[in-house]
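Peer 1: I need the structure of the sequence given here:
(3 chains)
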Amino acid sequence: MRAVTILLDGVAYGMILFIISVGLTVTMGLMRVVNLAHGAFAMLGGYVATALTLKGVPFLVSCLLAGAAAGAAGALAEVTVFRPLYRKAELQHVLLTIGLCFIAIAALTLFAGSTPLPAIVPDWLDRMVDIGYRSYPLYRLFLIGVGAVMALGVWLIMERTLFGAKLRAAVDDAQMARAVGINVSRLFFLTFTGGCALAGFGAAVGAGIMPLEPFYALRYLVYFLIVVAVGGMGSFRGSLAAALLIGVVGTAGRYIVPQFGGFLLYLLVFGLLLWRPNGLLPPKSAA
Amino acid sequence: MSAIPQSKSDEPSALWHALPWLLALAFFFLADGYHSLGVNILIMILFTLSLDLALGYAGIITLGHAAFFGFGAYAAGLFNLHVSADPLLGLAAATLAAAALGLVTGALILHTRGETLLMLTLAIAAILHEAANHMRDLTGGDDGLAGIRPGAVFGLFRFDLWGKTSFLYCLGVLFVWFLISWRVVRSPFGRSLDGVRQNAKRMRAIGTPVWLRLVAMYALSAAMAGTAGALSAQTTRLVGLSVFELLTSGIVAVMLVLGGERRLYGAFVGATIYVLVQDVAGAINPFYWMFVIGILLVAIVLFFDGGLMGVIETARRKLRRGGAPGAAP
Amino acid sequence: MSGGAPILSVRGLAKNFGALAVTRNVDLDVAKGARIGLIGPNGAGKTTLVNLLTGMLSSDAGEITLEGARIERMSPEKRVHRGLARTHQINTLLMEANARDNVAVAVAEREKYAWRLLRYGPQWRACLDEAQGYLEETGIGHAGDRRVSLLPYGEQRLLEIAIALSLKPRVMLLDEPGAGIPSSEAHLIHDALGRLPADIAILLIEHDMDLVFKFAKEIVVLVLGAVLTRGPPAQIAADPRVRSVYLGRSVA
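Peer 2: Below you'll find the predicted structure:
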């Protein structure tokens, strides 16, 4: 029965990783931009949600507004600093986005101090429910549910809309997509904005298990990048699989061998990347 | 801008070469009370120089160079605690340990490129971070490795409280590594790696064993980063887990680009400015320096390819040639 | 065909991309000093054949023998060291370095100086001197100090040949050395090919029929990955099958 608990914890954690990372995987697959500032946009969302909740705005509304705020920040950054970056080398991407991270960390510390933010999980979520063999935190079940809804939503957009079809075509072969008249720059702008909004929303709802603090942007960045790399850049299904795998393996590691949980996780990632350098489920072009 | 000077007129004069070392000596005699700051700058220069070899010249894109810095630091600390207090022996041991780590990990990962390579380097540093965290008996875990007491250099010069011995010790080690780097980047070996960075396909077509050569350069760079870590362990007498953090790898890349890649002296400029900004701005507000460095980074990537050394070189060329257009950047 | 045992010999070479056979049972003998032109319509698999010979692609079946040694399983760089050099259809140069360094790096690799890290002064100078010789041999001796990205396209093509030459190959594969060159500069390539050392066997892939028929002593026609026919230029020019699949189309 403990296995079920570990599985639930792991899936809840994996879902948050997925919501935050899915935008990153699509933008990295689309434009080959190594965006280390993705965590900063997530963090920004989390901070906005916390501030709003503390002012009395309902939790869910705060989370949605957090997504809007992170999306707006992403849109602004895409137009001002990311656009000139596309033609530059990977190192330039790394450095500019680390720079953005630093700026975000410093700015949020200035406004909110350097201590971790208080948790904002509302009372109606912060309780235990009976799941048959034991009681289990409702909040984590809520995260799993939110994650499933988000995954379904993203899947519907990717598979059932014209926008999604264009996006998949552009990820597979941006040049070809341009040649057939798809406006890849606009597509990227929309995806980038959407990805940042999802990240901000994810960080806000997931703050209960991934606490917000100024170094959030760097601390969890490794996980977001791992989801992208292990799943396969640009692959929606891959990032879902990778996020759940990392959530479950990471959680299981911490429960079963607390000494070496993180160690095993990174070793697994290392092995996976050596085994499949393009990720578990890479989009067609990278296979 | 080509990595390696192509003609005599591209080479700076002897005065330019002497300048950084003269400045360092002047600092030693004039800047009483700031020697430990100076030591920090020298160590960071060496660390940045090591990244310039791997990332700048050979084009190995990495976000995990902290692995070698940290490995060297822990190796030097443990050597001091368990084997011998002699600082030079410790330095040699740490350098070899880091080189071995570079050789093994490089052999595993250097057949990959781009983002995958980036993630693998990241994962290696993260694995070491976790390992050091959990092997508490050996490393002290998150309390850090304390109690390092290096003996006298050559059995003669004790490390003093003010960091004067440390300063000259680090300056000497940096000078040796700088001479090695200077030779290596101009060697047929260095040129072939500069070629791999520009066009690996071309190099294969002339018979270059690309993977093997990258691994060799990676190990050399790892050795140098290990030395830097060892110096840090010996002069601060403490090794903390943060040596393995992503931030450490990020900072060294920042210093490299601040100064300018593929210029060797870029490491001097970048590391000095970074440490000074951190020191000055950090004294006002611990987070203020991150803001300043962040702005600098964004500005450099968007507006000044080639870093601050690039700006200096362009100015120097313009001065000498009376504004004649230099080589394209 | 010239007499003596071939330097490079290919038997039953085959390569498939999925269900598509791009190289089908190719046999080829290249004698010392040979001048062979390899022609065929677009998609005939000419570049694929070069990539199989150099090892950039691995073959599915068949044997490649270079001076008596089987090389079809060797890495590309080993094949280079055994005397098989190539040029690329699209320039593959070190654009940031100057022309002489481009050649000198290849000389250093050939002489195994490229593992020298600290002591290399005389060796590197020797590489530079030798490199200058190859630049002059291909007619771009004046360009040694110039950055490759600033060289005219025709001179970049010649530099490709100079680099291949500097490897002292026994067999040289020239993949469309004339590609992309304005006709005003085409004579430069003609001249450079004419000056290539007589003892190097050369396999020339080219669309410029003028160049092929002037240069080659023997022509091999590749169609759909297989050898259609081979023979002296006059015979190939008169062959109705060649005319229909190839010349006919380009004349029409």
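Peer 1: and C:I64, what element?
Peer 2: Assigned by DSSP states H and E, C:I64 belongs to strand C:61-66.
Peer 1: neighbours of the residue of the stretch 101-250 of chain C found nearest chain A, how many?
Peer 2: Nearest residue of the stretch 101-250 of chain C to chain A: C:S149, at 16.2 Å (C-beta to the nearest C-beta). Just so you know, the C-beta spots here come from the backbone N, C-alpha and C atoms, and that holds for glycine as well. Neighbours of C:S149 under the rule other C-beta atoms under 10 Å in any protein chain shown: 15.
Peer 1: what of B:D143?
Peer 2: Count around B:D143 with other C-beta under 10 Å applied: 11.
Peer 1: how far away from the center of its chain is stretch A:197-206?
Peer 2: Chain-centre distance of stretch A:197-206: 8 Å, with C-alpha atoms, centre = their mean, to the nearest Å.
Peer 1: show residues contacting it.
Peer 2: Stretch A:197-206 has contacts (C-beta atoms under 8 Å, 6 or more residues apart in numbering or on different chains) with A:16, A:18-24, A:38-39, A:41-46, A:48-50, A:62-64, A:66-71, A:73-74, A:142-143, A:146, A:150, A:154, A:210, A:212, A:216.
Peer 1: can I get the buried part of those as one PyMOL selection?
Peer 2: Buried residues within the contacts of stretch A:197-206, by 16 or more other C-beta atoms under 10 Å in any protein chain shown, are selected in PyMOL with:
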select buried, chain A and resi 16+18+19+20+21+22+23+24+38+39+41+42+43+44+45+46+48+49+50+62+63+64+66+67+69+70+71+73+74+142+143+146+150+154+210+212+216
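Peer 1: where along chain A do the helices fall?
Peer 2: A:2-31, A:38-54, A:59-77, A:90-112, A:138-160, A:162-172, A:174-179, A:184-205, A:216-219, A:221-231, A:236-256, A:261-275 (DSSP state H).
Peer 1: need the ones you listed in JSON lines (columns: mean pLDDT).
Peer 2: Output for the helices of chain A, formatted as JSON lines (pLDDT from 0 to 100):
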{"stretch": "helix A:2-31", "mean pLDDT": "89"}
{"stretch": "helix A:38-54", "mean pLDDT": "95"}
{"stretch": "helix A:59-77", "mean pLDDT": "95"}
{"stretch": "helix A:90-112", "mean pLDDT": "89"}
{"stretch": "helix A:138-160", "mean pLDDT": "92"}
{"stretch": "helix A:162-172", "mean pLDDT": "87"}
{"stretch": "helix A:174-179", "mean pLDDT": "84"}
{"stretch": "helix A:184-205", "mean pLDDT": "93"}
{"stretch": "helix A:216-219", "mean pLDDT": "88"}
{"stretch": "helix A:221-231", "mean pLDDT": "86"}
{"stretch": "helix A:236-256", "mean pLDDT": "89"}
{"stretch": "helix A:261-275", "mean pLDDT": "81"}
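Peer 1: any chance of those helices in TSV, plus distance to B:A131?
Peer 2: As requested, the helices of chain A are exported to TSV (distance: least, C-beta to C-beta, whole Å):
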stretch	distance to B:A131
helix A:2-31	23
helix A:38-54	24
helix A:59-77	34
helix A:90-112	25
helix A:138-160	30
helix A:162-172	36
helix A:174-179	40
helix A:184-205	29
helix A:216-219	18
helix A:221-231	15
helix A:236-256	14
helix A:261-275	6
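Peer 1: got a list of what residue 191 touches?
Peer 2: In the absence of a named chain, chain A is used. A:G23, A:V26, A:T27, A:L30, A:L167 are the contacts of A:T191 under C-beta under 8 Å, 6+ apart.
Peer 1: that answer is for a different chain, and I need it for chain C
Peer 2: Counted by C-beta under 8 Å, 6+ apart, C:D191 has contacts C:G139.
Peer 1: try 10 Å this time
Peer 2: C:T138, C:G139, C:L158 (C-beta atoms under 10 Å, 6 or more residues apart in numbering or on different chains).
Peer 1: how many neighbours does the spatially closest residue to C:E155 that is not a sequence neighbour have?
Peer 2: With C-beta to C-beta, 6 or more residues apart in numbering or on different chains as the criterion, C:E155 has its nearest non-adjacent residue at 5.1 Å, and that residue is C:I140. Look at C:I140: counted by other C-beta under 10 Å, it has 26 neighbours.
Peer 1: ditto for B:F157
Peer 2: Neighbour count of B:F157, defined by other C-beta under 10 Å: 15.
Peer 1: what about the strands in the stretch 1-150 of chain C?
Peer 2: For the stretch 1-150 of chain C, the strands defined by DSSP state E, counting those that start in this stretch cover C:8-17, C:20-30, C:35-39, C:61-66, C:69-70, C:84-87.
Peer 1: out of those, flag the one nearest chain B.
Peer 2: Chain B sits nearest to strand C:84-87 of all those, at 6.1 Å, using C-beta to the nearest C-beta.
Peer 1: elements contacting the closest one?
Peer 2: helix B:200-205, helix C:46-54, helix C:76-81, helix C:153-166, strand C:171-175, strand C:201-205 (3 or more C-beta pairs under 10 Å, 6 or more residues apart in numbering or on different chains; DSSP states H and E).
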